[in-house]
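>>> generate coordinates for the sequence data below:
(2 chains)
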Amino acid sequence: MTPDGDPVLAARLAVPAVPGTFVRRDRLVEQLAEGAHGPLTLVNGPAGAGKTLLVADWITAYEPGAVAWLTVEPQDSAPGVFWSYVLHAFRHHGVALPDDIGSPARPGEVDHSLLARLAAWLNARDSRVTLVLDEFDRVAGAAAVADELHFVLRHAGDGLRLVIISRTEPLLPLYRYRAAGELVDIRADDLAFRAEETSALVDRHGLPLSAEAARVLTERTEGWAAGLRLCTLAAQRAADPESFLKDFEAGHSTVADFLLGEVLRAHPAQTQDLLLRTSILEETHPDLANALTGRDDAEPILEELQRANAFVEPIGHSWYRLHPLFAEILRVHLRVRHPGLEPELHRTAAEWLSRAGLLDEALPHAADAGDWELAAAELIDHLAIGRLLTGLAAERLDGLFARMAPEASGPAPDLVRAARELARHDVDRGVTYLRRAEENLPGGGTDDAAAARLSCAVLRVLAARVAGSADLAETAARDAAEAERALPADQVERHPELTARMLTDLGSAQLWAGRFDAAGATLSAAVDAAQGRSTAFARHEALGRLALIDFLHGRPGRAEAHARGAIAEAEQSGLPVSERTGMAQLVLAAVAIDRDDLTPAQGHLDQAAATSAASRDPVVAVELAILRSRMLVARGDPRAALLALDDMAKQPLVFAEPSPWVSDRIAMATAAAHLADGDPKAAVKVFEEQRSHSPESLAAEARARVAAGDRERALGILDELPEPQDRGPVIEVWVLLTRAQAVDALGDAAAAESLVLRALTAARPHHLRRPFLEAGPWLRRLMLHRPSLAREHAWLTSTLSPQPAASRQRDESVGPSPEPLSTRERDVLERLAQLMSTEEIAADLHLSVNTVKTHLKSIYRKLSATRRGEAVRRARELGLL
Amino acid sequence: MRYEIRVDGEMSDELTTAFPELDTFVAPCQTVLYGKVDDEAHLYGLLIRFQSLGLRVAEFRRLPE
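Residues are numbered from 1 along each chain as shown, chains lettered A, B, ... in the order given. So this is what the prediction gives:
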């Protein structure tokens, strides 16, 4: 991201300066003023028609309230980039947008909610903001940008006025605005100078010109503003302006061609040379111009050109902008007068811009020079390889280097090739390039050598992560740290995306290998890496993975907090759902399943499945399959759950090294489905084939063995588990319940009861219902003996009765079962059975009375009851209470 | 696809180099450019190039094959 104060960015946000010779035309000012009543004003006309100066003068002279100006560039056709610059323009022009609107972190797409927040905020303002988009034709092909502009404009009410300056019509649904009288359209015919306006313009330049000559001139140029300007400049230098204009009239050449030739010829040779050579740039600086001409007179020449009001305008910080139309014609002249010089000029410009720290501007010139070694070397030396992988510039840089010639050789081009392959998760090709780059790494202790080593190491970490190898990732991370130490600290700090990306990749590899403590520390460090848009995706991914680690440790509260943090980060940074990792939604689904909140769990699963990571990221893909099987078990269909797990096993994802905890989790899910299916022998067999590692899977193995009748073995496994303080409440509840089941089966009902009591106490703060639901019939028997448990743990007992394991048997018995009650409805029904009033139920459940009434209505409907007593009786008959 | 494009005014030799893919000849008060146009993208690209150079396109037509 270009920092504030960068002259190139400042040029895009600055309202262009209006020259003293500008002729204000009241008829056009009136049209612009009329536009203030509607949301949309279009200024459409060909190059050099005077569109930009018209709007700039109106803003400067009439101060129509808050105005944000943005000169659009072709790279803005990526919506993320476009909106990022629009938000930047608002802030730059003093429109204090609140932080919670966020800012896009990815180039390709913007989360719609970000645009909705922006529109809502504009709508709520007292006064209107005018947004001017100059040179909008540069993104004319981007339908997404046009759609989004239309959306924001529609929903911002009176808070936004849009002024679009463009050579072509924008893709907005203009007919609708026209039909509603909401569009003011200033077109080529309006912009064309009339004869009396031409007279005023030549007067401004101090030229004596008869009214007749002005009329002829207007006719010849058809009122074309740039033509008139060029003509006046040429006539000023002619001995006799009136006769010069007569010659011009008689000539039949195209207006721009003739006039530019005349104007150029009128300048001294040095000026002509400077103009031609700098025509390859959009913005120029005296030093840069000197580099291109090989002389040192650029400063006085540029100042003179600006004073004479020709070709260039100052944009501050000693930078000048060439008029795009003139630059285009100058480039044609350059090719004719100095064939073959262009690549050399581009190379010189690239080197100068890169030395000035303007990498984004330097790279396209290196590419235009066809010097790919230079382009790649600049990217590596500036430590910008991470920007090829993440952030707003990723797509543009990727597109730039997609053109790289296959002949380009050396470590830098190979590193760029490796990064592009790895970003597509093609490990084999990526590693091949990476190895070739490493073989040719420059030696010595220079910064450039260290930057190349660091880039190599960061890509190694990424390759190791995709291949699932924590050892390789850790080795590469150590190399990266070493290379970092050889570099100036401030240079590394300027590229937080490199560090954040590397830490996230390392943490992911460690997570895959089951090194949870190391992964947790690494991922926390990634989250703490500098805040900002360039690191937003890394933070989102790291927070999602931290949530998973919490969940695997059995700590639902912390898991949820991290997951919500990950989602908030994604929304803030405008990451569309498809671009998110889905991990946070998976963790939320997993916690909801533990609580038996199946409807929200399904919603989270669907959202996770909609992300691209679901097919690309092995952890997300496996966890998604496991949670889907758990949902099927919870819904009473363990057979389908087993089929789903079989399917997953048949299509192994591409990863080099297996992950111990991932196979643990697959085994646990399989065993749980077998148990729910009433086949404990099959469940035990799962663990005989797949040795358990984690406390959670050991507890699951013990549970399978208890169910299969091998209580001593189960207790033996449980005894060997590590100390309880090291495990989270979820694991603790499973362990206590399994132990309770074992001692109950051995006939020690009192010990079992006290263990269940402890399990209930541990589960209550998190409302963990699933372990009790899957515990089996022995638990219900035990709880029947202790009715006080039901009273103390109402959060649980209402859900205990409809056993998923029993549901299959019920299906085979009498009649269709009623539509299942939601968890909340069961909560309400249970209190109804305790003869609580509607108000008491509301207070107990922290709900409004109306919400309770709504639940009551749907309970009555589902149970085909009309009164309370009837509903409770029906529920008892159906075994719901 | 072959196209013929008529531009108002006589284009100098310098300016015609901006369209190396097209042939040109000068007619009274107009320059005629003609030649093969690869596809629609090329076609629109040409139109933009004319506009960028301040040239006024008077006529644009597809020639029979």
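>>> okay, now the unreliable bits of chain B?
Residue ranges of chain B with pLDDT under 70: none are present.
>>> how about the strands in it?
With strands called from DSSP state E, chain B shows them at B:2-8, B:23-27, B:30-36, B:57-63.
>>> got a markdown table for these, with mean neighbour count and distance to residue A:395 too?
From N, CA and C alone the C-beta is placed, and that goes for glycine too. Below are the strands of chain B laid out as a markdown table (neighbours: other C-beta atoms under 10 Å in any protein chain shown; distance: least, C-beta to C-beta, whole Å):
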| stretch | mean neighbour count | distance to residue A:395 |
| --- | --- | --- |
| strand B:2-8 | 18 | 33 |
| strand B:23-27 | 12 | 38 |
| strand B:30-36 | 18 | 32 |
| strand B:57-63 | 13 | 33 |
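>>> what sits against the nearest residue to residue A:409 once chain neighbours are set aside?
Distances taken as C-beta to C-beta, 6 or more residues apart in numbering or on different chains place residue A:373 nearest to residue A:409, at 7.4 Å, with adjacent residues excluded. When contacts are counted by C-beta atoms under 8 Å, 6 or more residues apart in numbering or on different chains, residue A:373 touches A:408-410, A:412-413.
>>> now list the buried members of those.
With burial judged by 16 or more other C-beta atoms under 10 Å in any protein chain shown, the buried subset of the contacts of residue A:373 is A:408, A:410, A:412-413.
>>> in the top helix by length along chain B, what counts as buried?
In chain B, with assignment by DSSP state H, the single longest helix is helix B:40-52. Across helix B:40-52, burial judged by 16+ other C-beta under 10 Å covers B:46, B:50-52.
>>> same deal with stretch A:293-308?
Applying 16+ other C-beta under 10 Å to stretch A:293-308 flags A:293, A:298, A:301-302, A:305-306 as buried.
>>> stretch A:752-768 too?
Buried residues in stretch A:752-768, counted by 16+ other C-beta under 10 Å: A:752-753, A:755-760, A:762-763, A:766-768.
>>> returning to that earlier point: and which of the buried residues of stretch A:293-308 is nearest residue A:257?
Nearest to residue A:257, judged by C-beta to C-beta, of the buried residues of stretch A:293-308 is residue A:305 at 20.1 Å.
>>> how about the closest one, phi and psi?
phi -60, psi -40 (degrees, to the nearest 10).
>>> picking that back up, and the two most separated of the buried ones among the contacts of residue A:373?
Farthest pair in the buried ones among the contacts of residue A:373 (C-beta to C-beta) is A:408 and A:412. Separation: 8.6 Å.
>>> give the residues shared as contacts by those two.
Both residue A:408 and residue A:412 are contacted by A:373, A:376, under the criterion C-beta under 8 Å, 6+ apart.
>>> what's the distance between residue A:629 and residue A:646?
Going from residue A:629 to residue A:646 by C-beta to C-beta, to the nearest Å gives 10 Å.
>>> in terms of neighbours, single out the busier of those two.
Taking neighbours as other C-beta atoms under 10 Å in any protein chain shown, residue A:629 and residue A:646 compare with residue A:629 leading, 26 against 11.
>>> just checking, what packs against whatever helix or strand that one lives in?
For residue A:629, the host element (DSSP states H and E) is helix A:618-634. On a contact count with 3 or more C-beta pairs under 8 Å, 6 or more residues apart in numbering or on different chains; DSSP states H and E, helix A:618-634 meets helix A:496-512, helix A:536-552, helix A:583-594, helix A:598-609, helix A:613-616, helix A:638-650, helix A:660-676.
>>> what about the residue in the stretch 401-550 of chain A that chain B sits nearest to, how many neighbours?
Nearest to chain B, among the residues of the stretch 401-550 of chain A, is residue A:403, at 16.6 Å (C-beta to the nearest C-beta). Neighbour count for residue A:403, taken as other C-beta under 10 Å: 11.
>>> ok, residue A:433 next?
Residues near residue A:433, counting by other C-beta under 10 Å: 21.
>>> that one is in what secondary structure piece?
Here residue A:433 is assigned to helix A:427-439, by DSSP H and E.
>>> closest one of the buried residues of stretch A:752-768 to residue A:238?
Residue A:238 lies nearest to residue A:766 out of the buried residues of stretch A:752-768, by C-beta to C-beta, at 88.3 Å.
>>> I'd say the closest one and residue A:728 touch.
No - applying C-beta atoms under 8 Å, one finds residue A:766 not in contact with residue A:728, separated by 9.3 Å.
>>> what's the spacing between residue A:266 and chain B?
Remark: distance between residue A:266 and chain B (C-beta to the nearest C-beta, to the nearest Å) = 16 Å.
>>> just confirm that residue contacts residue A:230, I think it does.
No - using C-beta under 8 Å, residue A:266 is not in contact with residue A:230; the gap is 10.7 Å.
>>> before we move on, the earlier item: okay, the strands of chain B in CSV with distance to residue A:41 next?
Shown next, in CSV, are these (distance: least, C-beta to C-beta, whole Å):
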stretch, distance to residue A:41
strand B:2-8, 30
strand B:23-27, 39
strand B:30-36, 35
strand B:57-63, 26
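>>> okay, these in TSV with distance to chain A next?
Converted to TSV, the strands of chain B look like this (distance: least, C-beta to the nearest C-beta, whole Å):
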stretch	distance to chain A
strand B:2-8	7
strand B:23-27	8
strand B:30-36	7
strand B:57-63	10
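>>> of those strands, give the one that comes closest to residue A:624.
Nearest to residue A:624, of all the strands of chain B, is strand B:30-36, at 52.6 Å by C-beta to C-beta.
>>> distance from the chain centre to that closest one, please.
5 Å (C-alpha atoms, centre = their mean, to the nearest Å).
>>> and if you look at stretch A:414-433?
For stretch A:414-433, the distance to the chain centre is 22 Å (C-alpha atoms, centre = their mean).
>>> kindly report the same for stretch A:280-292.
For stretch A:280-292, the gap between its own C-alpha mean and the chain's C-alpha mean amounts to 35 Å (C-alpha atoms, centre = their mean).
>>> buried set for it?
Going by neighbour count (16+ other C-beta under 10 Å), the buried part of stretch A:280-292 is A:280-281, A:283-286, A:288-292.
>>> run through who's touching it.
By C-beta under 8 Å, 6+ apart, the list of residues contacting stretch A:280-292 from outside reads A:7-8, A:11, A:274, A:277-278, A:296-299, A:301-302, A:312, A:315, A:318-322, A:324, A:327, A:331, A:334, A:342, A:345-346, A:348-349, A:351-353, A:356, A:365, A:368.
>>> equivalent analysis for stretch A:16-25, please.
By C-beta under 8 Å, 6+ apart, stretch A:16-25 touches A:52-54, A:56-57, A:60-61, A:134, A:197, A:200-201, A:204-205, A:309, A:313-315.
>>> thanks a lot, see you next time.
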